[in-house]
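Asks: Based on what follows, work out the 3D shape:
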Amino acid sequence: MLLDLIYRRRCSVVAIIGVAKNTGKTTTLNAIINAAAADHIKLGITSVGRDGERVDLVTGLQKPLIWVPKETLFATAEEALTRCCTHQVLRELPLRTAMGNLMLCKTLTAGEVEVAGADTRRDNKVVVRILQAAGVDLVLLDGSTNRIFSCAPSLAQGTILATGAAFSSSLTKVVQQTAHLISLFGLPSPSPAISARAMQIVQQKQVAILKRDGKEVIIDIPTLLMRSDEIALQMSGNKGDILVTGGAVTDRLVKALTSKTSAPRIIATDMTHIFITPLTARALKRAGGSIEVLRRATLLAVTINPWSPWGRGFPAAKFLAAVKEVSPVPVLNLKRGSDE
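Replies: Numbers count the residues shown, from 1 in each chain. Next comes the predicted model:
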């Protein structure tokens, strides 16, 4: 099913991200790998951060391992190679991580790999290009929980979101957070004329207020961190003004704008620059405000894990039905082998 969705959207790079740790991200990754292997698809695999280790370094819990077929290409840090199946190092990449330089490798047997990849968006773009140049049909980008930039449209053509009971013992909270992340993929883009100007502003690493009367206020800073109140004051009372930023859209910024501005409108680069809670998103909507993105990301599917390693869990059918109600894309319970 997942591979069919990838085929349908003609994705050559797919990111897998999780709502939290232990929500089934590695299970989702393995499901795609198994289907691709059965279809004789040449795979390239890397990670934003680290995955495939036997024990989670943060929680101390056992983790599912990443299994790959023979002749899979993967990029991982040098220190992780001792925990990979029999492989050949094809080349050392000019990219450094906390676990050493990245190495481009090929598995010589089927087996387990640990992928500890590049830490930045820029470096991951380089890794993806190298894997594609090496002739892979599909690159799978395993996204770290706290680095959602892996699903940026400039990096991946499609994303699969894994959600589960490990996020919270409350089914309502899990579904709310899942719905919030899903909604970020559905954010609209501004009109072509506004998009063109906003893209120029973002590329120049500026922040700008596009006034309703056509004037612009250019602010020569790359980020709004610690400047939220100042920006809100400049937009105070001016309904119809648009804030354009290539930096992070945070709770603090949105709260400042909604407290001083009528129906604030924000344009961000893409959904990976938006770091607001569901509560703040609802407050913005109530205030008549909105967030738009210059590049829209594509959500292919949502997978669920009703089980939690801390003993919490939900009835699978109930959880599946609840997530389906908030998702415009297919929702799958991979442990049960179907979406039923």
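
Asks: Every contact and neighbour count from this point should use C-alpha atoms.
Replies: Noted.

Asks: Spatially, what comes nearest to E216 if we skip its sequence neighbours?
Replies: Counting by C-alpha to C-alpha, 6 or more residues apart in numbering, E216 lies nearest to L210, which is 4.7 Å off, once chain neighbours are set aside.

Asks: Show me what that neighbour is bridged to.
Replies: For L210, the beta-bridge partners are E216, I242 (DSSP bridges).

Asks: quick one, what contacts it?
Replies: For L210, the contact set (C-alpha atoms under 8 Å, 6 or more residues apart in numbering) comprises E216, V217, D241, I242, L243, V244.

Asks: Kindly report the same for G288.
Replies: Contacts of G288 (C-alpha under 8 Å, 6+ apart): S262, A263, P264.

Asks: what's the closest of the contacts of L210 to T97?
Replies: The nearest member of the contacts of L210 to T97, counting by C-alpha to C-alpha, is V244 at 32.3 Å.

Asks: ok, V68 to G135 distance?
Replies: V68 sits 17 Å away from G135, going by C-alpha to C-alpha, to the nearest Å.

Asks: Give me the more crowded residue out of the two.
Replies: V68 (24 against 12; other C-alpha atoms under 10 Å).

Asks: Please list all residues in contact with that one.
Replies: By C-alpha under 8 Å, 6+ apart, the contact list for V68 reads N30, I33, N34, A110, G111, E112, V113.

Asks: From D251, how far off is the residue nearest to E216?
Replies: Distance, L210 to D251, using C-alpha to C-alpha: 21 Å.

Asks: related to what we said a few turns ago, in the contacts of G288, which residue is surrounded by the most others?
Replies: Result: P264 is most packed of the contacts of G288 (other C-alpha under 10 Å), 27 neighbours.

Asks: Look up the closest residue to that residue, ignoring the ones flanking it.
Replies: G289 (4.5 Å).

Asks: okay, now R10: neighbour count?
Replies: Other residues lying near R10 total 12 when counted by other C-alpha under 10 Å.

Asks: Work out for me the element it sits within.
Replies: According to DSSP states H and E, R10 maps onto no helix or strand at all.

Asks: Which residue is the nearest non-sequential neighbour of A179?
Replies: V326 (5.6 Å).

Asks: Distance check, the one you found against T178.
Replies: For V326 relative to T178 (C-alpha to C-alpha), the value is 8 Å.

Asks: thinking A179 is in contact with E325, fair?
Replies: No - counting by C-alpha atoms under 8 Å, A179 does not reach E325; the two are 9.2 Å apart.

Asks: Those two: who's more crowded?
Replies: A179 (18 against 11).

Asks: tell me the mean pLDDT over the strand or helix carrying that one?
Replies: Mapping A179 onto the secondary structure by DSSP H and E places it in helix 171-185. Averaging pLDDT along helix 171-185 gives 97.

Asks: Report how many residues lie close to the residue nearest to A179.
Replies: V326 has 16 neighbours, counted by other C-alpha under 10 Å.

Asks: per-residue confidence at it?
Replies: Predicted confidence (pLDDT) for V326: 98.

Asks: where's L181 relative to P278, distance?
Replies: L181 is 9 Å from P278, by C-alpha to C-alpha.
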